[in-house]
Every structure is written in C-alpha cells, then in structure tokens.
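Student: model the following, please.
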Amino acid sequence: MAKTIVELRELDLAELVDELRATKQESLNLRFRNATGQLENVAEIRKVRRQIARLNGLVRQHEIAAAEAGK
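Tutor: Residues are numbered from 1 along each chain as shown. The predicted structure is shown next:
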C-alpha cells in the first residue's frame, strides 16, 4: 500500500484495479483489528481510506481516457 501517487500514475488499469482490491482488503483487516482492540495506530485506517480514494480517482481517469480515445 505504501506506493506514492507518482508510482500509482505509472500503473495501467489492470494493475490499478489489483492495487485497489488489495487496499480494500487491507482496510477490511484494519477495521476488524480496530473492532477487536488489536489495532495500535488508528490513523492507519484514515491513510488506507485516502489511498482507496486516490486509486478510485486514477481508475476513473483511465476509464475517461479510454472512452475519449474510442470516440
């Protein structure tokens, strides 16, 4: 998950979707750990949520670019 936005912009659509899937799984694991009291740093949840938003934005940019190229 520790990829920067510059590294993420270099990925193609399939790699972004895989990264998004992995990040969502990490978010789920963090939420469970928080609910059971095992999570020490709750700020990680916020970081992962923001990373998911970044990935969703990049996926959408790829979709728009593909749609415009198909016109």
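Student: how far out from the middle of the chain is the lengthiest helix in the chain?
Tutor: Using DSSP state H to define each element, the chain has its longest helix at helix 43-69. Its chain's C-alpha centre and that of helix 43-69 lie 7 Å apart, by Cα atoms, centre = their mean, to the nearest Å.
Student: list the helices and strands that helix packs on?
Tutor: On a contact count with 3 or more Cβ pairs under 8 Å, 6 or more residues apart in numbering; DSSP states H and E, helix 43-69 meets helix 5-9, helix 13-35. (Each C-beta comes from the backbone N, C-alpha and C, glycine too.)
Student: other SSEs contacting the last one?
Tutor: Identification of packing neighbours for helix 13-35 by 3+ Cβ pairs under 8 Å, 6+ apart yields helix 43-69.
Student: tell me the mean pLDDT for the helix it packs on?
Tutor: Per-residue pLDDT over helix 43-69 has a mean of 96.
Student: which one of the helices and strands packed on helix 43-69 lies closest to residue 67?
Tutor: Ranking the helices and strands packed on helix 43-69 by their distance to residue 67 (criterion: Cβ to Cβ) puts helix 13-35 first, at 12.2 Å.
Student: ok, back up a step: in the longest helix of the chain, what counts as buried?
Tutor: 44-45, 48, 51-52, 54-55, 58-59, 62 (16 or more other Cβ atoms under 10 Å).
Student: same check on stretch 12-25?
Tutor: Within stretch 12-25, judged by 16+ other Cβ under 10 Å, the buried ones are 16, 19-20, 23.
Student: check contacts around residue 31.
Tutor: Counting by Cβ atoms under 8 Å, 6 or more residues apart in numbering, residue 31 makes contact with residue 45.
Student: start at 446, not 1
Tutor: Sure thing, new numbering starts at 446, so read that last one as residue 476.
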